[in-house]
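Student: Dropping a prediction and its sequence here:
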Amino acid sequence: MSVAVKAVSPQKRLLAVSWPVCYSLTMHDLIIIGGGPAGLAAAAYAAERQLDYLLLSRDLGGKCNYLARPVEMEDPSQVTAKDIVTIYKSKLECLRHSYRLETVTSISHEGGVFSVTTDKGGADQSRAVLVATGAGTRRLDVPGELQYLSRGIGYSACSYSHLFRGKRVFLTGDSDRVLNSTIEMSIQAGSVVLSLPTDNECTRDLLDYVKTLGCVEVITDGVVMEFSGGDYATEVLVSAPDGERRFSADGFFVELETHGNSALLKDVLKFHGAGYVPVDGSGMTAIPGLFAAGDVTDRSCCEHVLAALGQGASAMLCVYRYLRRLAAQSN
Ligand SMILES: Cc1cc2nc3c(=O)[nH]c(=O)nc-3n(C[C@H](O)[C@H](O)[C@H](O)COP(=O)(O)OP(=O)(O)OC[C@H]3O[C@@H](n4cnc5c(N)ncnc54)[C@H](O)[C@@H]3O)c2cc1C
């Protein structure tokens, strides 16, 4: 028998009692996939509950490692969500055995056991899996975009709208994501320019509402050509049906539609939409034992580190309850 359960606590033994004895791979209570805010919070609570968990991730910190803060501005927040993520990250780094920096390539599910495979040939098994792989976005890929990343250009206006009180802001995007950001920004900024491409997927009613906002100028059929400036981006060139126009602003946001990073689930779970994993209120998917949290789920709508931390912690506590129930049933 090669079931690798570290029986260091009565709690761990309680949960481990139900493991089948025929597996040759390393068996855990829980495998967490993704080391961003949601995955790190889940790992912290899994450690607290003394679960035998393994976190597999490409990196620790997720998007918090490269949040595109548009400009260096004094942030009035006393404790930022990034500070909390840094604490969780350093706690996990002390538990070297509990994580591996690997990319998960596939998950399979048979007889109530999940098998998780990674790009480095890792193969681990568990009774529960928590997917916290976040969401991906696209760049415009126009001149100046990379040069001014975090030097005038950001990717999440709603995360930084409070820093642009009374200022002028330019946004571009192709879906309701940018409309919601524009509404949020219009509350804080002095003036806002929104450029939408012809083939946008914006909801008509929401767009009509944005057009009524006094401080917002909407450029429909606009194509962003380039960003320019000195040390920081100060201007954007937009091609519109009535010719090319240059807009100056204090901040520029590229808010193209995002997608859930859920390709690794293709063999276990079928769902529609832009990759966002459907979960119930506990974070569980349609497959018992398969949970998801953070930006990768269809419940994440606020694009905020604090929300992802909360979802990770909450889903983890539901995983714990699920495992306890399993253990009770097998005893
Ligand atoms: C486009 C975008 C921009 C944002 N910008 C900001 C911002 O500027 N400021 C701000 O405060 N908030 C921002 N947010 C919000 C915030 O960053 C996110 O809400 C938060 O990071 C989500 O946490 P998460 O743990 O769900 O995902 P993420 O932080 O994305 O973490 C996902 C983790 O999963 C890992 N991973 C992914 N796939 C695999 C795989 N196959 N195998 C192993 N590991 C994998 C990644 O390496 C990463 O560690 C942004 C959100 C989005 C979508």
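Tutor: Arrived safely. Treat the numbers as computed from the prediction; the structure is a model and nothing was measured.

Student: make it CA atoms for all contacts and neighbour counts henceforth
Tutor: Fine.

Student: need the helices for the stretch 201-331 of the chain, in chain order.
Tutor: Secondary structure of the stretch 201-331 of the chain by DSSP state H, counting those that start in this stretch: the helices cover 204-212, 305-330.

Student: buried sites along the shortest one?
Tutor: Going back to what we said before, that points to helix 204-212. Going by neighbour count (16 or more other C-alpha atoms under 10 Å), the buried part of helix 204-212 is Leu207, Val210, Lys211.

Student: repeat for the last one
Tutor: With burial defined by 16+ other C-alpha under 10 Å, the residues of helix 305-330 counted as buried are 305-320, 322-323, 326-327.

Student: among those, which are within reach of the ligand?
Tutor: Residues shared between those and the neighbourhood of the ligand are Val305, Ala308 [C-alpha under 6 Å from any ligand atom].

Student: low pLDDT regions in the stretch 151-300 of the chain?
Tutor: Filtered on pLDDT under 70, the stretch 151-300 of the chain yields no residues whatsoever.

Student: interface residues of it facing the ligand?
Tutor: Residues of the stretch 151-300 of the chain lying near the ligand by C-alpha under 6 Å from any ligand atom: Tyr155, Ser156, Ser159, Asn261, Gly294, Asp295, Val296.

Student: do that again at 8 Å, thanks
Tutor: When proximity is defined as C-alpha under 8 Å from any ligand atom, the stretch 151-300 of the chain approaches the ligand at 154-157, 159-160, 255-256, 258, 261-264, 293-296.

Student: Filter the residues you listed down to the buried ones, PyMOL style.
Tutor: Isolation of the buried members of those (16+ other C-alpha under 10 Å) is achieved in PyMOL through the command below:
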select buried, resi 154+155+156+157+159+160+255+256+258+261+262+264+293+294+295+296
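
Student: Keep only those of the residues of the stretch 151-300 of the chain next to the ligand that are in strands.
Tutor: For these, membership in strands holds for Gly154, Glu255, with DSSP state E as the criterion.

Student: who's in contact with stretch 187-202?
Tutor: Stretch 187-202 is touched from outside by 161-162, 164-176, 179, 182, 185-186, 215-224, 238, with contacts defined as C-alpha atoms under 8 Å, 6 or more residues apart in numbering.

Student: how many neighbours does Ile87 have?
Tutor: Residue crowding around Ile87 was assessed by other C-alpha atoms under 10 Å; the count is 12.

Student: is it true that it lies in a helix?
Tutor: Yes. Looking at Ile87 with DSSP: H, G, I helix; E, B strand; the rest coil, it is inside a helix.

Student: helix or strand for Asp29, which one?
Tutor: Element membership for Asp29, per DSSP states H and E: strand 26-33.

Student: Output the contacting helices and strands for that strand.
Tutor: Strand 26-33 is packed against helix 37-48, strand 53-57, strand 123-131, with contacts defined by 3 or more C-alpha pairs under 8 Å, 6 or more residues apart in numbering; DSSP states H and E.

Student: list the buried ones in it?
Tutor: When neighbours are counted by 16+ other C-alpha under 10 Å, the buried residues of strand 26-33 are found to be Met27, His28, Asp29, Leu30, Ile31, Ile32, Ile33.

Student: Contacts only, for the residue in the stretch 201-331 of the chain that the ligand sits nearest to.
Tutor: Closest to the ligand within the stretch 201-331 of the chain is Gly294: 3.4 Å, counting by C-alpha to the nearest ligand atom. When the contact criterion is C-alpha under 8 Å, 6+ apart, the partners of Gly294 are Pro37, Ala38, Ala132, Thr133, Gly134, Ser300, Ala307, Ala308, Leu309, Gln311, Gly312.
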